[in-house]
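Q: Everything below, folded, please.
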Amino acid sequence: MHAKESRIKPLPESEWDDETRELLESLRRGGQVFNIFSTLAHHPRLLKRWLVFGNHILAKSTLPARHREIAILRIGWLSRAEYEWGHHVAIGRDACLSDVEIRRIIEGPDATGWDSFEATLLRAVDELDTNTVISDSTWGLLAERYNTEQLIDFVFTVGQYKLVSMALNSLGVQLEEGFEGFEQFE
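A: I've put the predicted structure just below:
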């Protein structure tokens, strides 16, 4: 369950100080600053430091973009983080996930149509979400394809987006218009 309304509203542009303005302007996309960033702007020191880590996970990780997005979408779905889901549906499409595959992420690792490795990715996300550990058998399957850095990046990707999901849901960050929420997929 997540907050249906903003508990902490995005910081209005009129209240941005110079440091916050510099930080948020660098995040402007298509003329707008997304609600996640303008909400976290209430705590600019945290936002600045979190962005470094988030940038690694999203842009500098050793994971293939498709695998990263499968993991992010799955943890977003399991966490019922509609904001995260909506944004990463768009990012997932850019990473060559089809709408059929995005819908299949909802069904999980046992859904028909996954290759064995992508089913393993989904299973690993489910295990991290449920048990906070990847089982030995699933780890072994991941390690057949992933090197040490990729294994670490995978765990940190799921953890980062679980954290983000908790924050988005608890703060009540609302999905911007133009992004697909859960209702398009349920």
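Q: Quick check, pLDDT for Met1.
A: Confidence at Met1, expressed as pLDDT, is 60.
Q: Contact partners for His67?
A: By C-beta atoms under 8 Å, 6 or more residues apart in numbering, the residues touching His67 are 118, 121, 154. Every C-beta, even on glycine, is put in place using the N, C-alpha and C of the backbone.
Q: again, 6 Å this time
A: Leu121 (C-beta atoms under 6 Å, 6 or more residues apart in numbering).
Q: what about the helices in this structure?
A: Shown for the chain, the helices assigned by DSSP state H span residues 18-25, 35-40, 44-55, 65-78, 82-94, 99-107, 116-131, 136-145, 148-171.
Q: the domain parsing of this structure - what is it?
A: 13-59, 62-184 (automatic domain parsing).
Q: quick one: which of those domains is nearest His2?
A: domain 62-184 (3.4 Å; C-beta to C-beta).
Q: To Lys9, which of the helices of the chain lies closest?
A: Closest among the helices of the chain, using C-beta to C-beta: helix 35-40, at 7.3 Å.
Q: which one of the domains of the chain lies closest to Lys4?
A: Closest of those to Lys4 is domain 62-184, at 7.2 Å (criterion: C-beta to C-beta).
Q: Report the distance from the closest one to the chain centre.
A: Chain-centre distance of domain 62-184: 7 Å, with C-alpha atoms, centre = their mean, to the nearest Å.
Q: And that domain, end to end?
A: Start-to-end span of domain 62-184 (C-alpha to C-alpha, to the nearest Å) is 31 Å.
Q: out of the helices of the chain, nearest to Glu180?
A: helix 82-94 (5.2 Å).
Q: got the angle for that closest one vs helix 148-171?
A: Between the axes of helix 82-94 and helix 148-171, defined by axes from the mean of the first three to the mean of the last three C-alpha atoms, to 10 degrees, the angle is 140 degrees.
Q: what's helix 82-94 packed up against?
A: Counting contacts by 3 or more C-beta pairs under 6 Å, 6 or more residues apart in numbering; DSSP states H and E, helix 82-94 packs against helix 65-78, helix 148-171.
Q: how close does Asp153 get to His56?
A: Counting by C-beta to C-beta, to the nearest Å, the separation of Asp153 from His56 is 8 Å.
Q: higher neighbour count, these two?
A: Asp153 (22 against 15; other C-beta atoms under 10 Å).
Q: Any stretches of the chain with poor pLDDT?
A: 1 (pLDDT under 70).
Q: sorry, back to before: of all the domains of the chain, which lies closest to Glu5?
A: domain 62-184 (5.4 Å).
Q: May I have stretch 38-58 exported as PDB, CA atoms only?
A: Below are the C-alpha coordinates for stretch 38-58, written out as PDB (Å, rounded to 0.1, in the frame of the first residue of the first chain):
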ATOM      1  CA  SER A  38      11.600  18.100  -6.600                       C
ATOM      2  CA  THR A  39      10.300  16.200  -3.600                       C
ATOM      3  CA  LEU A  40      13.700  15.100  -2.500                       C
ATOM      4  CA  ALA A  41      14.800  18.700  -2.900                       C
ATOM      5  CA  HIS A  42      13.400  19.300   0.500                       C
ATOM      6  CA  HIS A  43      16.600  17.500   1.700                       C
ATOM      7  CA  PRO A  44      19.200  18.800  -0.900                       C
ATOM      8  CA  ARG A  45      22.200  17.200   0.800                       C
ATOM      9  CA  LEU A  46      20.600  13.800   0.700                       C
ATOM     10  CA  LEU A  47      19.500  14.300  -2.900                       C
ATOM     11  CA  LYS A  48      23.000  15.300  -4.000                       C
ATOM     12  CA  ARG A  49      24.600  12.300  -2.400                       C
ATOM     13  CA  TRP A  50      21.800   9.800  -3.500                       C
ATOM     14  CA  LEU A  51      22.100  11.000  -7.100                       C
ATOM     15  CA  VAL A  52      25.700   9.800  -7.300                       C
ATOM     16  CA  PHE A  53      24.700   6.300  -6.300                       C
ATOM     17  CA  GLY A  54      21.600   6.300  -8.400                       C
ATOM     18  CA  ASN A  55      23.600   7.500 -11.400                       C
ATOM     19  CA  HIS A  56      25.900   4.500 -11.000                       C
ATOM     20  CA  ILE A  57      23.000   2.100 -10.900                       C
ATOM     21  CA  LEU A  58      21.100   3.600 -13.800                       C
END
